[in-house]
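S.K.: Provided below for reference: sequence and predicted model.
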Amino acid sequence: MRKERTDRKPNGGYREPSRVDRFQRLFGSMTDAAFLVETDSGRILACNEAAEHQTGYSKAELIGKDIGGDLQIQDPTITSHTVINRMTSGEGLRFVDRKRRKDGTFYWDEVVLVPFRTETEAVHVSINRDISDRAKREVELRESEARYRSIFESTTDAVLVFDQDGVIVEANPNAYRMYGYELGELIGVPACQVIHPDYFHGFSNFRTAIDGTGRFRARSINLRKDGTPFDVEVHGGRFSFRGSAHLLSIVRDIQEQVEAEKMLEVSRIKVERLHEAATRLADSITVEDICRLAVEAAQEILEFSLCIVLLVENGKLVVHARSEGWPPGSLETSDLSETSVASTTFRTGKTIVFGSASEVPEARSSLQGFQSGISAPIGSVGVFQVVSSEKHAFSEQDVRLLELLLRHTAQAIERIHLQDILVMQANHDPLTGVYNRRYFNQVIEQELSRSKRYDRAIGFLMIDVNRFKEINDRFGHQMGDEVLKSVACLLKDAVRGSDLVIRYGGDEFLIVLMEPEGECQIVKERIAAAVEERNKTNELIQFPVTLAIGGAKWKPADTLPIEEVLADADRRMYAAKRELNGE
């Protein structure tokens with residue numbers, strides 16, 4: 001039987017509390033759950049109030065329970081065998097374990113086992129601190145770190161972490177790929193080694209960025225390990241790393257984007273300049289000016305050094321403009337029936353682009369030495385060719401911009417052609433092709449002024465087709481038209497290029513002779529001879545076609561109006577007509 005102890009002294013005073021007393025008081029006042037456990041069996045011998053709150057059991061329910069088997073989950077962290085060995089040897093033990101409450105829920109606690117011997121039993125004290133909240137936070141932290149590491153490792157951008165001295169302390173795999181370093185080499189590299197000198201503004205900027213709370217975004221130029229610069233976009237800001245403030249820098253390689261932006265800007269400028277060239281083309285008044293401007297625009301705007309313009313004339317492609325560097329004599333004309341790049345381009349109306357001479361066996365031998373080129377149609381009027389001595393010298397963009405230029409070029413040339421046609425129709429007789437009376441009325445005053453200035457005379461020959469009404473009556477008006485056309489050709493052949501042949505009205509023609517000293521009579525004789533020769537082989541009608549001609553001359557010193565001079569020529573023509581008819 002255990003001997004009962006008391007703190008009361010025999011003389012009525014109090015003795016010092018015994019070791020057991022002190023233990024009991026401490027045991028009861030602890031805020032952590034405390035159990036007195038029989039070491040060999042693991043049975044709970046005693047517990048404090050905190051143990052009740054932690055486990056959900058009452059003291060009465062806890063006494064006698066196996067602290068391991070009844071409160072712990074399966075596969076405990078520390079086995080009973082380990083506990084017995086450590087407690088028997090007098091050593092303490094500390095571990096984290098997971099236990100089950102009365103309601104079936106689990107919690108984590110930090111356990112400290114302390115050997116405690118009584119006079120009769122081998123026991124130990126189990127002090128249990130509920131660390132569920134801390135364990136939960138640690139789990140969340142580990143999961144967060146795992147997520148961070150996963151993002152850090154898998155992001156396609158480079159991620160760099162700088163300390164306050166601007167030194168890299170962490171880098172993701174893509175950073176090594178982007179900057180060309182082997183794994184691990186970036187750690188310890190200073191910022192000035194990866195940032196271009198034009199964009200590096202000292203390490204104090206890193207401290208300022210770390211001390212600030214905002215985020216920043218900027219474009220910069222960084223350096224690869226071999227010193228190659230490349231354009232980047234950087235997003236960064238303050239970042240807590242390993243317990244202290246650092247600078248997180250997310251770097252995106254935008255080299256291709258910047259180059260594309262530059263190309264886009266160059267294209268924009270070129271298109272604007274092409275539209276300016278289109279305005280100049282639209283203002284041009286001759287085909288030669290248009291061809292020259294097209295070559296200049298191709299050289300200045302599209303930066304083509306060697307180019308040529310060929311327009312269609314009488315079944316041939318004829319050179320109308322070329323760049324200064326184009327080899328002389330290499331190409332003057334190209335027959336549309338030939339097998340050549342130019343003729344194929346015109347016939348198909350499609351642009352031909354070749355990167356090497358081997359791609360176009362139909363290329364003319366005279367253009368040997370040129371490796372690549374563009375042959376593009378100028379609408380339906382011609383061909384524009386560009387060549388280079390380098391292979392694959394022209395891009396798709398070059399082709400698109402050239403085609404844009406040539407659309408404006410074709411429109412300008414077609415406008416000139418249309419104007420020429422309109423002028424031709426306005427000034428020429430549609431049946432015979434010679435000038436009409438309207439044109440004569442427009443130019444006669446100019447010719448009179450020029451004659452006065454140079455003191456030279458103008459000769460007029462009024463010509464009528466004799467018995468023309470009879471021709472129409474006997475052979476029809478269509479045959480009459482053929483006779484008029486034949487006469488017009490005869491008259492044009494009889495005069496110089498500077499002289500004018502005019503259908504004055506009906507079957508009457510007027511010839512205006514510049515500087516006619518003796519010319520009027522010569523032309524009359526030439527016309528008479530041509531008429532006589534033609535009547536010998538007249539294939540139109542079995543009828544002699546004769547012409548009545550009356551001439552008059554206007555001199556700068558004359559005071560007679562031009563109408564009187566023409567009337568005089570007309571009178572003489574009718575006199576000749578009466579003579580021919582035997583009247």
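M.R.: Alright, I've got the coordinates. Numbers count the residues shown, from 1 in each chain.

S.K.: helices of the stretch 201-350 of the chain, start to end?
M.R.: Counting by DSSP state H, counting those that start in this stretch, one finds helices in the stretch 201-350 of the chain at the ranges 204-211, 255-283, 287-300, 341-348.

S.K.: model confidence over the first one, on average?
M.R.: Taken as a whole, helix 204-211 carries a mean pLDDT of 80.

S.K.: show me what counts as buried in that helix.
M.R.: If you call a residue buried by 16 or more other CB atoms under 10 Å, then helix 204-211 has these buried ones: 206, 207, 209, 210. Heads up, the C-betas are built off the backbone N, CA and C, glycines and all.

S.K.: ok, of those, which one's closest to residue 519?
M.R.: Taking CB to CB as the measure, residue 519 sits nearest to residue 209 out of the buried residues of helix 204-211, at 96.7 Å.

S.K.: which residue packs closest to that closest one, ignoring adjacent ones?
M.R.: residue 247 (5.3 Å; CB to CB, 6 or more residues apart in numbering).

S.K.: angle of the helix or strand hosting residue 421 against helix 287-300?
M.R.: For residue 421, the host element (DSSP states H and E) is helix 396-427. With axes from the mean of the first three to the mean of the last three CA atoms, to 10 degrees as the basis, helix 396-427 and helix 287-300 are set at 170 degrees to each other.

S.K.: check which residues of helix 396-427 are buried.
M.R.: In helix 396-427, counting by 16+ other CB under 10 Å, buried: 398, 401-402, 404-406, 408-413, 415-416, 427.

S.K.: which SSE is immediately downstream of that helix?
M.R.: Tracing the chain past helix 396-427, the next element assigned as helix or strand by DSSP H and E is strand 435-436.

S.K.: show me how far that following strand is from its chain's centre.
M.R.: Mean C-alpha position of strand 435-436 versus that of the full chain (CA atoms, centre = their mean, to the nearest Å) differs by 55 Å.

S.K.: show me where the stretch 451-583 of the chain has helices.
M.R.: With DSSP H, counting those that start in this stretch, the ranges of helices along the stretch 451-583 of the chain come out as 468-475, 477-494, 519-536, 562-580.

S.K.: nearest approach to residue 77 belongs to which of those?
M.R.: helix 477-494 (121.0 Å).

S.K.: who touches that closest one?
M.R.: Among residues not part of helix 477-494, those counted as contacts by CB atoms under 8 Å, 6 or more residues apart in numbering are 429, 431-434, 463, 465, 468, 471-472, 501, 503, 507, 509, 511, 523, 526-527, 530-531, 534, 540-541, 545, 547.

S.K.: just the buried residues of the residues you listed.
M.R.: 429, 432, 434, 463, 465, 468, 471-472, 501, 503, 507, 509, 511, 523, 526-527, 530-531, 534, 545, 547.

S.K.: gap between residue 343 and residue 323?
M.R.: Taking CB to CB, to the nearest Å as the measure, residue 343 falls 21 Å from residue 323.

S.K.: so the two - more neighbours on which side?
M.R.: Neighbours per residue, other CB atoms under 10 Å: of residue 343 and residue 323, the larger number sits with residue 343, 20 against 17.

S.K.: OK, contacts around the more buried one?
M.R.: 317, 334, 335, 336, 337.

S.K.: ok so, going back, is the residue nearest to residue 209 in contact with residue 162, as I believe?
M.R.: Yes - with contact defined as CB atoms under 8 Å, residue 247 counts as touching residue 162 (4.3 Å).

S.K.: so what sits against both of those two?
M.R.: With CB under 8 Å, 6+ apart, residue 247 and residue 162 have common neighbours residue 206.

S.K.: give me the low-pLDDT residue ranges for the stretch 451-583 of the chain?
M.R.: 539-540, 583 (pLDDT under 70).

S.K.: any idea how far residue 148 is from residue 101?
M.R.: 33 Å.

S.K.: the two: which is more packed in?
M.R.: Neighbours were counted for residue 148 and for residue 101 using other CB under 10 Å; residue 101 has more, 13 against 10.

S.K.: what's the spacing between the residue lying closest to the more buried one once chain neighbours are set aside and residue 398?
M.R.: Nearest non-adjacent residue to residue 101, counting by CB to CB, 6+ apart: residue 56, 4.3 Å away. Per CB to CB, residue 56 is found 83 Å from residue 398.

S.K.: so what's residue 231 up against?
M.R.: Residue 231 touches 219, 220, 221, 253, 254, 255, 257, 258, counting by CB under 8 Å, 6+ apart.

S.K.: neighbours of the first one, just the number please.
M.R.: Neighbours of residue 219 under the rule other CB under 10 Å: 12.

S.K.: quick one: which of the contacts of residue 343 is the most crowded by neighbours?
M.R.: Neighbour tally across the contacts of residue 343 (other CB under 10 Å): the maximum, 26 neighbours, falls on residue 317.

S.K.: which ones are touching it?
M.R.: Contact analysis of residue 317 by CB under 8 Å, 6+ apart lists 310, 311, 333, 334, 335, 336, 342, 343, 346, 382, 383.

S.K.: what bridges to it?
M.R.: As for beta bridges, residue 317 partners with residue 312, residue 334 under DSSP bridges.

S.K.: and what of residue 231?
M.R.: Under the criterion used here (DSSP bridges), residue 231 is bridged to residue 221.

S.K.: quick one on the thing from earlier: partners of the residue nearest to residue 209 in the sheet?
M.R.: residue 162, residue 238.

S.K.: how close does it get to residue 120?
M.R.: 67 Å.

S.K.: just residue 303 next, same as before
M.R.: 107 Å.

S.K.: domain parsing for the protein?
M.R.: Using automatic domain parsing, the domain parsing of the chain gives 19-131, 155-253, 265-421, 428-580.

S.K.: for the ones you listed, give me CSV that also has distance to residue 144.
M.R.: Output for the domains of the chain, formatted as CSV (distance: least, CB to CB, whole Å):
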stretch, distance to residue 144
domain 19-131, 18
domain 155-253, 12
domain 265-421, 44
domain 428-580, 92
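
S.K.: of all the ones you listed, which lies closest to residue 138?
M.R.: Using CB to CB, the domains of the chain put domain 19-131 closest to residue 138, at 8.9 Å.

S.K.: show me which helix or strand of this structure is least confident by mean pLDDT.
M.R.: The weakest-scoring helix or strand in the chain, judged by mean pLDDT, DSSP states H and E, is helix 19-29 (a mean of 73).

S.K.: list the buried residues of it.
M.R.: Applying 16+ other CB under 10 Å to helix 19-29 flags residue 27 as buried.

S.K.: now, which of the contacts of residue 343 sits nearest residue 448?
M.R.: The closest of the contacts of residue 343, once distances to residue 448 are taken by CB to CB, is residue 317, at 42.9 Å.

S.K.: what pLDDT does that closest one get?
M.R.: pLDDT at residue 317 comes out at 91.

S.K.: how close does it get to residue 343?
M.R.: 7 Å.

S.K.: next one: residue 443
M.R.: 40 Å.

S.K.: can you name the residues that contact residue 513?
M.R.: Residue 513 neighbours (CB under 8 Å, 6+ apart): 458, 459, 460, 461, 495, 499, 519, 520, 523.

S.K.: now with 7 Å?
M.R.: Applying CB atoms under 7 Å, 6 or more residues apart in numbering to residue 513 gives the contacts 458, 459, 461, 499, 519, 520, 523.

S.K.: I'd assumed residue 521 was in contact with the third one.
M.R.: I take that to be residue 461. No - contact criterion CB atoms under 7 Å: residue 461 and residue 521 do not qualify, at 10.0 Å.

S.K.: which residue ranges form the strands in the stretch 101-250 of the chain?
M.R.: Under the criterion DSSP state E, counting those that start in this stretch, the stretch 101-250 of the chain contains strands at 106-117, 122-130, 158-162, 168-171, 215-223, 229-241, 244-253.

S.K.: just name the most buried of these.
M.R.: Mean neighbour count (mean count of other CB atoms under 10 Å) peaks for strand 158-162 among these, with a mean of 23.

S.K.: run the angle between that one and strand 244-253 for me.
M.R.: Here strand 158-162 points in a direction 150 degrees away from that of strand 244-253 (the same axes, to 10 degrees).
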